[in-house]
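Enquirer: Got a predicted structure here, sequence first:
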Amino acid sequence: MNPPESAHPARWWHALPAGEGPERIQCELCPRDCKLHVGQRGACFVRRNEGGGMILSTWGRSSGFCIDPIEKKPLHHFHPGSSVLSFGTAGCNLACKFCQNWDISRSKDMDRLMDLARPEGIAQAAQAYRAQSVAFTYNDPVIFAEYAIDTAEACHERGIKTVAVTAGYIHAQPAREFFAVMDAANVDLKAFTDGFYARLCGGRLQPVLDTLVHVRHETDCWLEITTLLIPGQNDSPAEIRALSSWVAAELGPDVPLHFSAFHPDWKMRDRSPTPPSTLTRARDIAMDAGLHYVYTGNVHDTEGDTTFCPACHAALIVRDWYVIRQYDLGADGGCPHCGTKIAGHYGRFGKPFGSQRIPLRLTRR
């Protein structure tokens, strides 16, 4: 592959009036609205004012590539059992104190970006390794949206689908362009209070809710949601009930919701891991709120990982972590017992990819 440009032009910014400083600009990508002097980087660290214009410093550069099971994203209703080529860059526009990829998302070391890969090379690699999709993950892809969009377009030319794993902290206009080229997304709804977002993430709740509504109702992008439950922070029955009721009312009962277990990391190593009972309780609350597909993650819980028919309650896709033990759906996603269509994207089910993880290196040639 050819080496990427060292400074790729970025989108979604405007110049500020001369009275605010020479060649000062404002980023329009996310609700942080960073105002930058020449040479200054945004809060995400990868968008920079260079000579009065904005550049993206991670276009064509990645922190690593890996072939994963699609269930790891997690996506349970988007071509179950398929493989996905996953990659990320560095930086993030939130500052979550509990980040479990903090060495990548909080990195300010561009040397960590070892692989050089143009969009066409990524699509070619996915095709060569028979990955059905490419996932923008590990750190939040909205901060490298230009690179993700270019890669998505290259993937679609080869029949490769695209997946975004994101916190959804993005302004409306770039969100429209970003999610228009995504085939599926898992959005982290980190909590259901503004206080949690402000205190532990350095952000706000409402922009994320706006993103969820947009993806669900104004795009063809398949949507699933993940909430990491942190003991004493966002795991109260009242908050889980409010979150689940909002999803049911505003997004609909067919949007899958994943409750995931917290493990101590980054700046919250003093917290205890989430008890499995908390996840089971959250799942029960969400289903009582009317949601059809609710899952538990980061724990061993076969029932909480299984897709049940919402009409006849038959177990249709039985999972053990990332391994599919039983698959009982037609190619059209219909329940063979009662005919109910299971929301999602399905196809002919062959040999599932399983729990394997295959690291890759994409280098110049």
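Expert: Arrived safely, thanks for sending.
Enquirer: Is Leu251 in contact with Arg216, as I believe?
Expert: Yes: using CB atoms under 8 Å, Leu251 makes contact with Arg216 at a distance of 4.6 Å. Backbone N, C-alpha and C define where each C-beta goes, glycine included.
Enquirer: for this structure, which spans come out with low pLDDT?
Expert: 1-6, 101-114, 363-365 (pLDDT under 70).
Enquirer: pull the longest strand from it.
Expert: With secondary structure taken from DSSP state E, the chain has its longest strand at strand 222-229.
Enquirer: now the helices for the stretch 151-300 of the chain?
Expert: Taking DSSP state H, counting those that start in this stretch as the criterion, the stretch 151-300 of the chain carries its helices at 172-179, 194-196, 206-218, 237-246, 276-288.
Enquirer: which other residues reach the second one?
Expert: Outside helix 194-196, the residues within contact range by CB atoms under 8 Å, 6 or more residues apart in numbering are Lys190, Arg204, Leu205, Gln206, Gln233, Asn234.
Enquirer: State the pair within the residues you listed that is farthest apart.
Expert: Across these, the longest distance by CB to CB is 19.0 Å; it joins Gln206 and Gln233.
Enquirer: higher neighbour count, these two?
Expert: Per other CB atoms under 10 Å, whichever of Gln206 and Gln233 has more neighbours is Gln233, with 21 against 11.
Enquirer: Quick check: the nearest residue to the more buried one once chain neighbours are set aside vs Asp33, distance?
Expert: The spatial neighbour of Gln233 that comes closest, neighbours along the chain excluded (CB to CB, 6 or more residues apart in numbering), is Phe196 at 6.3 Å. Separation of Phe196 from Asp33 (CB to CB, to the nearest Å) stands at 21 Å.
Enquirer: Pick out whichever of the two has more residues nearby.
Expert: More neighbours surround Phe196 than the other of Phe196 and Asp33, with 17 against 12 (other CB under 10 Å).
Enquirer: Pull up the gap between the more buried one and Thr166, please.
Expert: 18 Å.
Enquirer: again, but for Val318
Expert: From Val318 to Thr166 the distance is 28 Å (CB to CB).
Enquirer: Give me the spatial nearest neighbour of the residue nearest the centre of the chain, chain neighbours excluded.
Expert: The chain has Val165 as the residue nearest its centroid, 1.2 Å off, counting by CA atoms, centre = their mean. Distance criterion CB to CB, 6+ apart; nearest residue to Val165, sequence neighbours excluded, is Thr137 at 3.9 Å.
Enquirer: Just give me how far stretch 229-246 sits from the chain centre.
Expert: 20 Å (CA atoms, centre = their mean, to the nearest Å).
Enquirer: residues in contact with it?
Expert: 98, 189-193, 196, 200, 209, 227, 257, 259-262, 268, 271-275, 278-279, 281-282, 285-286, 289-291, 294.
Enquirer: out of the residues you listed, which are inside strands?
Expert: Those of those mapping onto strands are Thr227, Leu257, Phe259, Ser260, Ala261, Val294, per DSSP E.
Enquirer: Now do the contacts for the second one.
Expert: With contacts defined as CB under 8 Å, 6+ apart, the neighbours of Leu257 are Glu224, Ile225, Thr226, Thr227, Ser244, Val247, Ala286, Leu291, Tyr293, Val294, Tyr295.
Enquirer: With adjacent residues omitted, what lies nearest to the fourth one?
Expert: Going back to what we said before, that points to Thr227. Leu189 (5.2 Å).
Enquirer: quick one: contacts for that neighbour?
Expert: Here Leu189 is in contact with Gly168, Val208, Leu209, Leu212, Ile225, Thr226, Thr227, Leu243, Val247 (CB under 8 Å, 6+ apart).
Enquirer: State the distance from it to Glu250.
Expert: For Leu189 relative to Glu250 (CB to CB), the value is 11 Å.
Enquirer: still on that earlier bit, and for Leu251 and Arg216, which residues touch both?
Expert: Common neighbours of Leu251 and Arg216, counting by CB under 8 Å, 6+ apart, are Leu223.
Enquirer: Next, count neighbours for Ala154.
Expert: By other CB under 10 Å, 20 other residues sit near Ala154.
Enquirer: scratch that, Phe87
Expert: 25.
Enquirer: For the particular helix or strand that has it in it, which strands pair with it and how are they oriented?
Expert: Here Phe87, judged by DSSP states H and E, is contained in strand 83-88. Paired strands of strand 83-88, with direction, are strand 64-69 (antiparallel), strand 133-136 (parallel) (DSSP bridges).
Enquirer: okay, those strands, which one's buried deepest?
Expert: Highest mean neighbour count among the strands paired with strand 83-88 (mean count of other CB atoms under 10 Å): strand 133-136, with a mean of 26.
Enquirer: List the contacts of it.
Expert: By CB under 8 Å, 6+ apart, strand 133-136 touches 68, 70, 73, 78-79, 82, 84-88, 122-123, 126, 144, 148, 151-152, 155, 160-166, 183-184.
Enquirer: can you pull the contacts of the closest residue to Glu28 other than its chain neighbours?
Expert: Nearest non-adjacent residue to Glu28, counting by CB to CB, 6+ apart: Trp12, 4.3 Å away. Residues near Trp12 by CB under 8 Å, 6+ apart: Cys27, Glu28, Leu29, Ala145, His171, Gln173, Pro174.
Enquirer: And the buried ones among these, selectable in PyMOL?
Expert: Selecting only the buried entries of those in PyMOL, with 16 or more other CB atoms under 10 Å as the criterion:
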select buried, resi 27+29+145+171+174
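Enquirer: and the two most separated of the contacts of Trp12?
Expert: Longest span within these, CB to CB: Cys27 and Gln173, 12.4 Å.
Enquirer: Right, I'll leave it there.
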